[in-house]
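S.K.: predicted coordinates and the sequence they were generated for:
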Amino acid sequence: MTDILFPPFLTIALTGTPGTGKTEVSKKLESEGYRILHVTEFIKKNNIPSERDEERDCDVIDMDALEEAVFDYQQQIRKEYNQRCFSEELTRQDFHKSPAHLPVLIIESHLAHYLCDLSVVLRTHPYTLKDRLNERGYSDKKVMENVLAESIDVVLCDCFDYCRRVYEIETTNLTIDETADCLKELIHALYDDEFDIYNSLMEKMNVTAENIAAQSQSGCFPISDVLGAFEDDGAVVYEDGDDDVGDYIEEQNPILMKYVPGQNDWSELTE
Ligand SMILES: Nc1ncnc2c1ncn2[C@@H]1O[C@H](COP(=O)(O)OP(=O)(O)O)[C@@H](O)[C@H]1O
């Protein structure tokens, strides 16, 4: 029962230097029913403030405002998901049967790793990236800035500063569909892995369906409320921000895994 009442809802960043395929790959997943938040569209829709940097030919976003708006959005879809999960009595097995049943939101943007603590970085060989960005009509300066950033792992290094788990998919010799397949394989395995960690935390804290039922009519409420309630009873809560489970396993990290087609076994993510 506990898994029905408390499915962890994962938010995963799909990040990478511009031109590495984030938009195309996420659109492919979206067409199959996965939940995707495209940050560029989200910024426009929610009127997130930004300033134009003419010299670098880009917009500088107010990250605090973006973070707040994304957090509100996550809360909303997490609540919708929990209600659905409860009313349809979804089980752990169901989560993998349809993308709509999987409690995962993918945030797609070169800024996404500032908003999540799990990230997947798409990588592309700088020569290939250069061609793609030229085709996009970027100025020589902007092409070089991005190609250099890809060469020296700028996004990857940022991920290590901001995220507790980091995965790379080398896409240079993959098609968009193949990259999307790698990503799907990874997020399903990652979800199972996080689920096990989450359950072990629940067990440690003696959070059972009976305990929860005693506290809530519906069984649908934010995990922070539950953790708070058990903390009042003397339970130890690993907390540093809003991701309690994340902090619990923080000592294992940072972890970096690279996707090698045909060789990865995502079922053993933590090893
Ligand atoms: N794996 C790939 N193979 C071939 N072309 C790709 C691949 N990934 C992306 N592209 C092409 O590169 C360009 C940039 O892709 P896009 O998804 O817009 O990147 P991003 O969102 O990371 O900036 C597009 O024209 C896209 O079709």
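M.R.: Happy to help now that I have it.
S.K.: what's the neighbour count on Glu68?
M.R.: Counted with other Cβ atoms under 10 Å, residues neighbouring Glu68 total 13. Where C-beta positions appear, they are placed from N, C-alpha and C, glycine not excepted.
S.K.: tell me the pLDDT of it.
M.R.: At Glu68, the model reports a pLDDT of 93.
S.K.: what do you get for Gln93?
M.R.: Note on Gln93: pLDDT of 85.
S.K.: I'd assumed it was in a helix, is it?
M.R.: Yes: assessed by DSSP: H, G, I helix; E, B strand; the rest coil, Gln93 belongs to a helix.
S.K.: quick check: phi and psi at the closest residue to the ligand within the chain.
M.R.: Closest residue of the chain to the ligand, Cβ to the nearest ligand atom: Gly21 (2.8 Å). Backbone geometry at Gly21, expressed as degrees, to the nearest 10, gives phi 110, psi 10.
S.K.: what is the longest helix seen in the chain packed up against?
M.R.: Across the chain, the longest stretch assigned as helix under DSSP state H is helix 176-204. On a contact count with 3 or more Cβ pairs under 8 Å, 6 or more residues apart in numbering; DSSP states H and E, helix 176-204 meets helix 2-5, strand 10-15, helix 22-31, strand 104-108, strand 118-123, strand 165-170, helix 244-248.
S.K.: now for His38: which residues touch it?
M.R.: If a contact means Cβ atoms under 8 Å, 6 or more residues apart in numbering, then His38 has 23, 26, 108-109 as its contacts.
S.K.: ok, and which of those reach the ligand?
M.R.: Subset of those in contact with the ligand: Thr23, counting by Cβ under 6 Å from any ligand atom.
S.K.: quick check: pLDDT value at Val236.
M.R.: On the pLDDT scale, Val236 gets 49.
S.K.: then Ile12?
M.R.: 95.
S.K.: contacts only, for it.
M.R.: By Cβ under 8 Å, 6+ apart, the residues touching Ile12 are 104-107, 116, 118-120, 187, 190.
S.K.: report the separation between it and Lys141.
M.R.: From Ile12 across to Lys141, the span is 32 Å (Cβ to Cβ, to the nearest Å).
S.K.: and what of Cys159?
M.R.: Per Cβ to Cβ, Cys159 is found 25 Å from Lys141.
S.K.: skipping adjacent residues, who's closest to Tyr138 in space?
M.R.: Asn146 (7.4 Å; Cβ to Cβ, 6 or more residues apart in numbering).
S.K.: cool, His96 as well?
M.R.: Of all residues not flanking His96 in the chain, His188 sits nearest, at 5.6 Å (Cβ to Cβ, 6+ apart).
S.K.: the one you found and Pro99 touch, don't they?
M.R.: No: the criterion here is Cβ atoms under 8 Å, and His188 misses it with Pro99 at 9.6 Å.
S.K.: got the residues of this protein near the ligand?
M.R.: So the chain meets the ligand at 16, 18-24, 132, 171, 174-176, 179 (Cβ under 6 Å from any ligand atom).
S.K.: among the residues you listed, name the buried ones.
M.R.: 16, 18-23, 132, 171, 174, 179 (16 or more other Cβ atoms under 10 Å).
S.K.: quick one: the contacts of His38 as TSV, columns for distance to Thr40 and pLDDT too.
M.R.: Shown next, in TSV, are these (distance: Cβ to Cβ, whole Å; pLDDT from 0 to 100):
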residue	distance to Thr40	pLDDT
Thr23	8	97
Ser26	11	98
Glu108	9	98
Ser109	7	96
